[in-house]
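[1] this is a predicted model, with the sequence first.
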Amino acid sequence: MKRILAIIFVIIMYMDNVALAKFGNYEVHFLGVGQSDCILIKTDDKNYLIDTGAAYYTKRIIRYLDLNQVKSIDGIILTHYHDDHYEGIIKIAQSRKVCKVYLPDHRNYIQNIMSDKLNKMGVDVEYIKRGWEIKNYGCVLKAIGPVRESKTVENNNSIVLQGKVNGLQYVFAGDCERSEEEDILKTGELKKCDVLKVPHHGLNTSTTNRFLDRVEPRVAIITSDGVGTPDKRVENRLINKGAIVWRIDNQGNIVIKNDILYCSKNYTSIRLK
């Protein structure tokens, strides 16, 4: 039965691809890499990664990129300097052409080591902060946080990205915690979104009611392992706000292709437009 469902899922994906190819294809992939982050954004002619996962998952990420015919990466955006977000970057850059890496613009020893290695590999490095934007036809992302640098909590230095991919509004919240959420709320820049990458793997350090009242996500995706994450209180807050909650430990790889939400474990699909 599972094999039949898998075949049907592949056929649906293929038919959707053929039907929409002439209008352009946009995909956002939340990779099943446990309690770490790696997000692939594919447009007609560009490929971007947001974070590169923990070292344990690097081979899986490279294999996934190969299967999805990602031969080069136009930009890798690292949200902050914790190993579950950056460890895969060097081996990924060794596995295929990477045009540019965007690093958070606050200095620490990890940034220095990473910059040196990438420069020696011939990879261009740019330091980014709030206000930075990336614009491509059908894909516009802007860094709306961090508003200020934290000297004590690296999570609160997370680059928080907001923007549209193929008309759907996204917030990629990194590992930002309550204080960074509050700072961003005070700027007035945070908007209602269709899809929220839930901060900090669904731990109760983040995703306050005030934050959710502003973003009102239709879909909330949690990069969790099902062991230490997510916190049930966070999951309940999201459900109580009316969000569809998908977790990578339950759903596996989660893909939004054009305007359809898919998952790899039970082959469920939901149309978002």
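    Happy to help now that I have it. Numbers count the residues shown, from 1 in each chain.
[2] for Ile50, give me its contacts.
    By CB atoms under 8 Å, 6 or more residues apart in numbering, Ile50 lies in contact with 37-39, 41, 77, 79, 161, 172. In this view, the C-beta of every residue, glycine as well, is placed from N, C-alpha and C.
[3] pLDDT score for it?
    We have a pLDDT of 99 for Ile50.
[4] returning to what we had before: pipe the contacts of Ile50 into JSON lines and attach pLDDT per row.
    Output for the contacts of Ile50, formatted as JSON lines (pLDDT from 0 to 100):
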{"residue": "Asp37", "pLDDT": "99"}
{"residue": "Cys38", "pLDDT": "99"}
{"residue": "Ile39", "pLDDT": "99"}
{"residue": "Ile41", "pLDDT": "98"}
{"residue": "Ile77", "pLDDT": "99"}
{"residue": "Thr79", "pLDDT": "99"}
{"residue": "Leu161", "pLDDT": "99"}
{"residue": "Phe172", "pLDDT": "99"}
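[5] okay, and which of these map to strands?
    Among these, the residues falling in strands (DSSP state E) are 39, 41, 77, 161, 172.
[6] in the sheet, who's paired with the second one?
    When you say that, I think you mean Ile41. For Ile41, the beta-bridge partners are Val28, Tyr48 (DSSP bridges).
[7] my guess is it contacts Asn166. True?
    No: Ile41 lies out of contact with Asn166 (CB atoms under 8 Å); the separation is 10.1 Å.
[8] which residues do these two both contact?
    26, 139.
[9] who's in contact with the closest residue to Asp213 other than its chain neighbours?
    Once flanking residues are discounted, Asp213 sits nearest to Lys241: 7.7 Å by CB to CB, 6 or more residues apart in numbering. By CB under 8 Å, 6+ apart, the contact list for Lys241 reads 212-213, 216-217.
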